[in-house]
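Enquirer: Dropping the sequence and predicted coords here.
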Amino acid sequence: MVPRAEFRSYYGRPILKKPRWKAPHMPGYLYLGGLSGASSTMAALADATGRQRLALTGRITAAAAGTAGAGLLVAELGRPERFLNMLRMFKPTSPMSVGSWILAGQGGFTMAAAASAVTGIAPGLGRAAGAAAAVTGPLVATYTGVLLADTAVPAWHEAYRHLPLLFAGSSLASGGAVTMIATPRGDAGPARRMALLGAGLELAAAGALERGMGLRERPELVSEPYRTGRAGVLLRTGRALTVVGAVGAVAASRSRAAGVIAGLALTGGALCTRFAVLYAGHASAEDPKYTVIPQRERRTVS
Amino acid sequence: MAECHPVGFQWVMEAKARGARIFHIDPRFTRTSAVAHRHMPIRAGSDIVLLGALINHVLSGGHDLREYVLRYTNASVILSEDFQDTEDLGGLFSGYDAETSSYDPETWAYAGGEQEAPAAGARDEQEKGDDPDGGTSQGDGPGGPSGRITQEHGPGATYEATSSQTGHADERDETLRHPRCVYQVLKRHFARYTPEMVEQICGIAPDDFAELADAIVANSGRDRTTAWVYSVGWTQHTVGAQYIRTASILQLLLGNIGRPGGGILALRGHASIQGSTDIPTLFNLLPGYLPMPYAHHHEDLDTYLERAAGDTGFWGRKRSYMVSLLKAWWGDAATAENDFCFDYLPRLTGDHGTYHTVLDQIEGKVKGYFLLGENPAVGSAAGRLQRLGLAALDWLVVRDLQLIESATFWKNSPEIETGELTPEGIGTEVFFLPAASHVEKDGTFTNTQRLLQWHHKAIDPPDDARSDLWFIYRLGLRIRERLEGSADPVDRPVLDLTWDYPEEGPHHDPSAEAVLREINGYDADGNILSGFTALKDDGSTSCGCWIYSGCYTDGVNQTARRKPGSEQSWVAPEWGWAWPSNRRILYNRASADPQGRPWSERKAYVWWDGEQWTGHDVPDFEKTKPPSYEPPPDAKAEAALAGTDPFIMQTDGKGWLFVPRGLVDGPLPAHYEPHESPVENLLYKQQGNPVRQTYDRPGNRYEPVDSDVYPYVFTTYRLTEHHTAGGMSRFLPYLSELQPEMFCEVSPELAAERGLVHGDWATIISARTAIEARVLVTDRVRPLRIQGRVIHQIGLPYHWGSAGAVRGDSANDLLPIVLDANTHIQESKAATCDIRPGRRPQGPALRALVRRYRRMAGIPED
Amino acid sequence: MSNSLYGPLPDVAEDAGYTGAPERRGFFTDTSVCIGCKACEVACKEWNAVPDDGFALTGMSYDNTGALGASTWRHVAFVEQTRPRQVGDGGDTRWLMASDVCKHCTHAACLDVCPTGALIRTEFATVVVQSDVCNGCAYCVSACPYGVIDRREDDGRAWKCTLCYDRIGDGLEPACAKACPTDSIQYGPLDELRERARARLDALHEEGVTEARLYGEDENDGVGGAGAFFLLLDEPEVYGLPPDPVVTTRDLPAMWKWAGGAALALAGGVALSFLGRR
Ligand SMILES: Nc1nc2c(c(=O)[nH]1)N[C@H]1C(S)=C(S)[C@@H](COP(=O)(O)OP(=O)(O)OC[C@H]3O[C@@H](n4cnc5c(=O)[nH]c(N)nc54)[C@H](O)[C@@H]3O)O[C@H]1N2
Ligand SMILES: Nc1nc2c(c(=O)[nH]1)N[C@H]1C(S)=C(S)[C@@H](COP(=O)(O)OP(=O)(O)OC[C@H]3O[C@@H](n4cnc5c(=O)[nH]c(N)nc54)[C@H](O)[C@@H]3O)O[C@H]1N2
Ligand code: SF4
Ligand code: SF4
Ligand code: SF4
Ligand code: SF4
Ligand code: SF4
Ligand SMILES: [Mo]
């Protein structure tokens, strides 16, 4: 526990606005984007290395997840009918603008690649689209780290180094997990390894975040929302599930059932992580101490 | 002031920025206290002790501005040997009649002055107890005029034609040593008002008192002036008028009247409440503070005028004011032969003030009632009685912007909830007529500074809403139509009225400018008059209100002038128009010394330049009367005043430290406890104001002094966010959201004593009823140590009622009807109550709770 | 659109692409003369036709609107402070009042992160939401370091103070400043206001009001200086203001680097996974 610091506030009211982004839309979108991103890259490499079964799974997953994710994103808007306004301009200072373009690309490429793969029409173009999606994929999976970090919410902003890595790991794990579930054991080797690598990265990044390792100011205070409350429970649950999933992924080379269980556990872990991040952000914005104390100390120092 | 007059308060902030020191004296720490240098919490109802102690401090320390006091006030006048002070009579003055609870002011007269005609004209006749159905109880005798709204706290009072014949005193002692001279009487009278008494009665520590006293003394004199600013925290007491009197004495002693930066500033209420005393909605006044004639006594104009006001000073021209008024009303029908239709004026038969009228309603004596811009169901004391009165009428016309409680009481009043009344059981036929607001019509507002400011219509009123001018005019037309051809002399006053105004706009509104021109006045040829000195007493001029004469000089609507302050002198004479004669500071002759020189360069305002009076403002003095002028014997009107007499409306031209005539409760202020008080009067045997008006009857039961059933003081007040009875705020979302609920303010100490929880509910109980309010526990309310005891005060805003966007219980339901006998204003700033946690009982259980409390306190049943 | 993300910026309008723009306009809110009358809140609502914010007693002194938000663009805070006291003791109560508003930051996070371009920088260097463009993504809500802008749930759009863009363009004062009786809210060219504020601060210090301080006037602060700055009588957080806000986009380049790295890691991870036999 962080010692209760002396600080003053206006009737304990938050200084920041609680993010309007809510569950399940936002975490769902983060998860699906990550899944789509990792899957599209995987599909392209599978295709390049001649693993057609894997490629097909990846393409369909990438397209489906991308579409569903975009759907959630649209639903999350205050005025969904104005989604297209996202594409009025390209604005490098707005991660959401950048993300929208990446997402648009990702959506188009994965749809084209999946359509071609399913129907067999225009295989050349399909493969090209798949290759393009392999480039946008990792970006879709990790830009969301910037999306959250580029806010005033201390738990997000201060974690700008952790979040992209966390999401990268989690996406890898998610991609591997879904593929493990959807492909026969024999085809799923790369998926198992993805899941393992991803789980490792996710656990490392989440662990660092939870302990405040690598945060600049008042690390133990700023990271508190990740350890406490709803976010803390979810993050710990996510970790347990991810560990189970990782063990399962190792076993999955021998057992299909293990693969399915591992896949489900990792998916659950990835989802928990995303929800945890959202709730940590809410908690961090709602209690003025997270805003006041680090800033006050910063001021006294300078 | 910051709360209720935020726009005017900018000048206080500006003064502060220029170095003025601001003291705030208020039971509660308010928004005003927040920006004042010092806040002094005081027990509600005790200011006379504080002010009296300041007077004592000034007198005993010799801090008065002696030359000013000697020449401009009646300090040197020797009083009659018959006068006995509160010192001698245990808190009463001589002349008290216990039977009628009233004073005969005869012994208050100056020594050697001839025994003049009954002094205070029409008002005194009432004081003799004319009112046939007045005196049901203590102090009811003075009966007395006025609705509370209009006589509240106003400088108009200085213009009232009350003083009359006191004239020039024959006996004076310029050394101020004579034991019966006013100065020495004052000294003795206020000797018991000590800092110790201030501590015991007001709860203000001696150190704090000393700080205030030193600051005021240091900031008064030739080179500096101090101003006192008050509003209804001073007037809504049974001693309200005497609060202001005490301040007047202090300010006169310090030489702070008639000078820039000085004065006693009455901050008035509704946007044109000053206007509605000048051209009164009061039953006992005619325009320009001429008294309303009384039945039986004034057979003709001459006798009326003899009694109406004095012959010396500017009231000496009273005949021209009155005749011009009658000409304005009855035009050609008013002739010298028929006394200018003086007989057409209605006559008073008693107290027709608001509260008396309400009691008459309950007794079935009032059948019909017009409510134009008033919401008594919420805004008047003893709310329950107010509503019972409305429910007893045959018909009621409400003209308002909103469907206020006074129009909907028959379906949503608390009495419906308790089951005392039912909609079916109420026979009152209610007509609601929507009124145009001030932005929907032309007209003037007259503000605290006597400044008339024209407002232009911004938009036409919506739907059926019409201006009050439209309504009154049409009502008059229709009545005249009905009466047409009538031979009954009783109808002549209405039929002979000048009742024709040009109409304009889509709704055919009578022209407000035409009305203003009529108020300004015309000469016989129809030319606009230049001012009140042009008024004639022979019927050749007409004028709707003599003090407003000049507001349309040169055919220009002077009230519509809006030259920015930056483009004119600091007095800003070209912004609007101030009565009388566009003077911005009244009695400003006093800003110069007796020789006519400014008291100091810094405080120069108007002065005698050798040939005439000149300066920054319009001199409130005859322009060419030199300081050396001595009136010849038998001179009349202003000619009877000397060149050193600045107070030109007074018969003797002096500021009155001692008031021989005009007040019904004594020539000097004395501290009396509020009618409901937690303590006994430490200063005198006499507990309360002996002539206060009480009505101890069902629905209006009073609580005993020092009652442990009702141990706490409460005071009612306003919030910036709301307006009075709420018609203009509770129905508007932007204001309602800012103060959405009725609350009570209590100190942490009281909260602990009674288990009140911040944010929860509390029930406040008086002998009249119980109300509920949310609790705000705040350090801004402080317990006081009074006579060795801890006294808790509870703050209650009074804006809520049973209609509107936000609703709540009404603080006025707690208060009784008990009135200042001079002004007939209710004591709504100090009363006692109990408070306990939780919501109040609903339905009949509410009355049961109130009864239980009354029984515990031994109060008679309703 | 602004290319600089942090630090002093002498000409904000020029940075945003305007040429020959008028002087930068802003507010100096001197809370030492605020009387808490809330005329500013009401005038703002009247002029801008902002809906009411609900009717709830907060118990927070006389503040029942609580905070700035989508339907409260001026908000007057009330802070009651007392040092311990005894009955009859003159005590020492302070009642601080302060009218808060959007800061119209030199580096406005809300504007920077807005994906649609609904938030714009005006020629007066103020920050305005174009409600017809806003799609309600609420990014600005989380980005504002002062918690100013918010989304109205019923119409889904983000709203905040426009610094009365429709008035100042016509040479009028903003409605809130116009209504303020004590000149607590002063509107004008920012440079002038800063000078005035420093003079006022000096005067107060001379009077012995040592606790007076300026907030948001320093162009070296985390947002490059606020277009609406304040004179406060206590620490900012006492009024609900962040003590040392920093525009989030200061770290944006670093963020993109880390995200790029993470993307590479992801891609690398996938590639690594394909190194195995099957
Ligand atoms: N916002 C707003 N402005 C208004 C009005 C409104 O309703 N709302 N109403 C208008 C009207 S009609 C009027 S009459 C004026 C009234 O203006 P004010 O007189 O300023 O109004 P109140 O709040 O009724 O009373 C003033 C103060 O008197 C204090 N007080 C109570 N008893 C005593 C006492 O014995 N001694 C002293 N020294 N102080 C005491 C109360 O605590 C309160 O703070 O305001 C006008 N302006
Ligand atoms: N307990 C307690 N009681 C008090 C006081 C107190 O301090 N404490 N103060 C007293 C004082 S000073 C006052 S002035 C009274 C006020 O008490 P009221 O005068 O009864 O209350 P208001 O709400 O001001 O009522 C004025 C009404 O006029 C309407 N109105 C506004 N403009 C127009 C118009 O142009 N034409 C017409 N026809 N109607 C219009 C408004 O909608 C409003 O309903 O309350 C008094 N009562
Ligand atoms: S409500 Fe009107 S009269 Fe009262 S302070 Fe405000 S502007 Fe002046
Ligand atoms: S205060 Fe917030 S809403 Fe206002 S300009 Fe700055 S970042 Fe934007
Ligand atoms: S909610 Fe509207 S203004 Fe805010 S960032 Fe999104 S589009 Fe821009
Ligand atoms: S500048 Fe205009 S929009 Fe902004 S708070 Fe003031 S009145 Fe409201
Ligand atoms: S209008 Fe001025 S004085 Fe009134 S609350 Fe707003 S800032 Fe303060
Ligand atoms: Mo009033």
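Expert: Alright, I've got the coordinates. Worth saying up front: this structure is predicted, and the values here are computed from it rather than measured. Ligands and ions are numbered 1, 2, ... in the order given.
Enquirer: what residues are up against the residue of chain A at minimum distance from chain B?
Expert: Relative to chain B, the nearest point of chain A is A:Tyr11 (11.5 Å; C-beta to the nearest C-beta). Every C-beta, even on glycine, is put in place using the N, C-alpha and C of the backbone. A:Tyr11 is in contact with C:58, C:60, counting by C-beta atoms under 8 Å, 6 or more residues apart in numbering or on different chains.
Enquirer: ditto for C:Phe229
Expert: C:26-29, C:103, C:193-194, C:197, C:214-217 are the contacts of C:Phe229 under C-beta under 8 Å, 6+ apart.
Enquirer: now C:Asn135
Expert: Applying C-beta under 8 Å, 6+ apart, we find C:Asn135 in contact with A:77-80, A:82-83, A:85-86, C:116, C:118.
Enquirer: For the residues you listed, which two are the farthest from each other?
Expert: Using C-beta to C-beta, the pair of the contacts of C:Asn135 lying farthest apart is A:Pro80 and C:Ala118, separated by 15.1 Å.
Enquirer: higher neighbour count, those two?
Expert: C:Ala118 (24 against 14; other C-beta atoms under 10 Å in any protein chain shown).
Enquirer: you'd agree that one is up against C:Cys134?
Expert: Yes - using C-beta atoms under 8 Å, C:Ala118 is in contact with C:Cys134, at 3.8 Å.
Enquirer: how near is B:Gly261 to ligand 5?
Expert: 52 Å (C-beta to the nearest ligand atom, to the nearest Å).
Enquirer: Give me the neighbour count for B:Pro293.
Expert: Neighbour count of B:Pro293, defined by other C-beta under 10 Å: 27.
Enquirer: wait, I meant B:Glu81
Expert: Other residues close to B:Glu81 by other C-beta under 10 Å number 9.
Enquirer: the domain parsing of the chain - what is it?
Expert: Unless you meant another one, I'm taking chain A. Chain A is divided into the following domains under automatic domain parsing: A:19-150, A:151-302.
Enquirer: look at chain C instead
Expert: Taken from automatic domain parsing, chain C resolves into C:2-247, C:248-278.
Enquirer: nearest to ligand 7, of these?
Expert: domain C:2-247 (3.2 Å; C-beta to the nearest ligand atom).
Enquirer: How far does the closest one sit from its chain's centre?
Expert: Put simply, domain C:2-247 sits 4 Å off its chain's centre (C-alpha atoms, centre = their mean, to the nearest Å).
Enquirer: In the stretch 601-750 of chain B, mark out all the strands, start to finish.
Expert: B:606-608, B:613-615, B:693-694, B:712-717, B:743-746 (DSSP state E, counting those that start in this stretch).
Enquirer: Secondary structure class of the residue nearest to B:Cys744 when sequence neighbours are not counted, three-state.
Expert: Spatial nearest neighbour of B:Cys744, excluding adjacent residues (C-beta to C-beta, 6 or more residues apart in numbering or on different chains): B:Ala773 at 4.3 Å. Judged by DSSP: H, G, I helix; E, B strand; the rest coil, the three-state class of B:Ala773 is strand.
Enquirer: Show the contacting residues for B:Ala773.
Expert: Here B:Ala773 is in contact with B:741-744, B:761-762, B:764, B:796, B:808-809 (C-beta under 8 Å, 6+ apart).
Enquirer: switch to 7 Å and redo it
Expert: Contacts for B:Ala773 (C-beta atoms under 7 Å, 6 or more residues apart in numbering or on different chains) come out as B:742-744, B:762, B:764, B:796, B:809.
Enquirer: ditto for B:Ile25
Expert: So, once contact is read as C-beta under 7 Å, 6+ apart, B:Ile25 ends up touching B:40, B:42, B:50.
Enquirer: before we move on, the earlier item: could the contacts of C:Phe229 go into a markdown table alongside secondary structure and neighbour count?
Expert: What follows is the contacts of C:Phe229, written out as a markdown table (DSSP: H, G, I helix; E, B strand; the rest coil; neighbours: other C-beta atoms under 10 Å in any protein chain shown):
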| residue | secondary structure | neighbour count |
| --- | --- | --- |
| C:Gly26 | strand | 29 |
| C:Phe27 | strand | 29 |
| C:Phe28 | strand | 26 |
| C:Thr29 | strand | 29 |
| C:Lys103 | coil | 26 |
| C:Leu193 | helix | 23 |
| C:Arg194 | helix | 18 |
| C:Ala197 | helix | 21 |
| C:Leu214 | strand | 17 |
| C:Tyr215 | strand | 22 |
| C:Gly216 | coil | 28 |
| C:Glu217 | coil | 21 |
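Enquirer: Could you save these as a markdown table and add columns showing pLDDT and distance to C:Thr72?
Expert: What follows is the contacts of C:Phe229, written out as a markdown table (pLDDT from 0 to 100; distance: C-beta to C-beta, whole Å):
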| residue | pLDDT | distance to C:Thr72 |
| --- | --- | --- |
| C:Gly26 | 97 | 20 |
| C:Phe27 | 98 | 16 |
| C:Phe28 | 98 | 21 |
| C:Thr29 | 98 | 15 |
| C:Lys103 | 98 | 15 |
| C:Leu193 | 98 | 23 |
| C:Arg194 | 97 | 27 |
| C:Ala197 | 98 | 25 |
| C:Leu214 | 98 | 24 |
| C:Tyr215 | 97 | 20 |
| C:Gly216 | 96 | 19 |
| C:Glu217 | 95 | 24 |
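Enquirer: ok, of those, which one's closest to ligand 3?
Expert: Among these, C:Thr29 lies closest to ligand 3 (C-beta to the nearest ligand atom), at 20.0 Å.
Enquirer: how about the residues of the stretch 201-350 of chain B that lie near chain C?
Expert: Taking C-beta under 7 Å from any C-beta of the partner chain, the part of the stretch 201-350 of chain B that reaches chain C is made up of B:203, B:205, B:208.
Enquirer: isn't the first one right next to B:Arg785, touching?
Expert: The reference is to B:Gly203. Yes - applying C-beta atoms under 7 Å as the test, B:Gly203 and B:Arg785 come out as touching, 6.1 Å apart.
Enquirer: Which residue of the two possesses the greater neighbour count?
Expert: Counting neighbours by other C-beta under 10 Å for B:Gly203 and for B:Arg785 shows that B:Gly203 has the greater number, 25 against 16.
Enquirer: The nearest residue to the more buried one once chain neighbours are set aside: neighbouring residues, count only.
Expert: Nearest-residue entry for B:Gly203: B:Leu784, 3.1 Å, with adjacent residues in sequence omitted and distances by C-beta to C-beta, 6+ apart. Residues near B:Leu784, counting by other C-beta under 10 Å, number 23.
Enquirer: what pLDDT does the residue of chain A closest to chain B get?
Expert: Here the pLDDT value assigned to A:Tyr11 is 97.
Enquirer: For it, which three-state class applies?
Expert: Going by three-state DSSP: A:Tyr11 is coil.
Enquirer: Against A:Gly259, how distant is it?
Expert: Between A:Tyr11 and A:Gly259 the computed distance is 54 Å (C-beta to C-beta, to the nearest Å).
Enquirer: where in the stretch 401-550 of chain B is pLDDT low?
Expert: Within the stretch 401-550 of chain B, no stretch has pLDDT under 70.
Enquirer: Strands of chain C, start to end?
Expert: Residue ranges of the strands in chain C, as given by DSSP state E, are C:25-30, C:74-82, C:93-101, C:119-121, C:127-129, C:150-151, C:158-159, C:185-189, C:213-215, C:228-232.
Enquirer: Make a markdown table out of the contacts of C:Phe229 and add distance to A:Pro24.
Expert: Formatted as a markdown table, the contacts of C:Phe229 follow (distance: C-beta to C-beta, whole Å):
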| residue | distance to A:Pro24 |
| --- | --- |
| C:Gly26 | 41 |
| C:Phe27 | 41 |
| C:Phe28 | 45 |
| C:Thr29 | 41 |
| C:Lys103 | 34 |
| C:Leu193 | 47 |
| C:Arg194 | 47 |
| C:Ala197 | 48 |
| C:Leu214 | 45 |
| C:Tyr215 | 39 |
| C:Gly216 | 38 |
| C:Glu217 | 44 |
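Enquirer: B:Ala407: which of those is nearest?
Expert: Relative to B:Ala407, the closest of these is C:Thr29; by C-beta to C-beta it sits at 41.7 Å.
Enquirer: Could you list everything that closest one pairs with in the sheet?
Expert: C:Ile185, C:Phe230 (DSSP bridges).
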